[in-house]
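[1] here's my sequence, what's the structure:
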Amino acid sequence: MVYIMNFSWLAVLIMFWGGFYVFCSKFKHLLIILLGLEFMVLSIYMNLFIYMGVFIYESYFSMVFLVFSVCEGVLGISILISMIRSYGNDFYDLFNLNKC
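    I've put the predicted structure just below:
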């Protein structure tokens with residue numbers, strides 16, 4: 001059982017750092033940035049779920065975290081859609097606030 005828990009923690013850690021790498025290095029398209037961010041949030045949720053399962057806490061907090069992460073994802077997609085409608089593509093390089 002301990003080996004499975006260590007493997008779960010390691011898998012979540014690898015998922016988080018993979019999402020962080022995508023979030024920091026692939027900054028040409030906004031959709032890839034949002035996918036990296038959602039992957040990081042998913043790994044944090046899995047970490048929270050494992051933590052709540054080990055210490056037998058109530059999983060109400062993990063449900064609240066999941067609701068906020070879904071709201072964050074919807075907000076990111078709405079920004080992406082408005083950017084595509086305004087500029088015609090999702091290149092993050094063209095989205096510069098200094099042009100105003």
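[2] what residues are up against the residue positioned nearest the centre of the chain?
    Central residue of the chain (Cα atoms, centre = their mean): residue 38, 2.1 Å from the mean position. Contact analysis of residue 38 by Cβ atoms under 8 Å, 6 or more residues apart in numbering lists 19, 69, 73, 76. Bear in mind the C-beta positions are built from the backbone N, C-alpha and C, glycine included.
[3] which strands or helices does the helix ranked longest in the chain pack on?
    Longest helix in the chain by number of residues (criterion: DSSP state H): helix 60-87. Helices and strands touching helix 60-87, by 3 or more Cβ pairs under 8 Å, 6 or more residues apart in numbering; DSSP states H and E, are helix 30-54.
[4] in the helix it packs on, what counts as buried?
    Residues 30-44, 46-49 are the ones in helix 30-54 that count as buried (16 or more other Cβ atoms under 10 Å).
[5] if we can go back for a sec, so what pLDDT did the residue nearest to the centre of the chain get?
    We note a pLDDT of 90 for residue 38 in this prediction.
[6] also the one 10 residues further on?
    With respect to pLDDT, residue 48 scores 85.
[7] least confident secondary structure element in this protein?
    Between all helices and strands in the chain, the lowest mean by mean pLDDT, DSSP states H and E belongs to helix 2-25, at a mean of 81.
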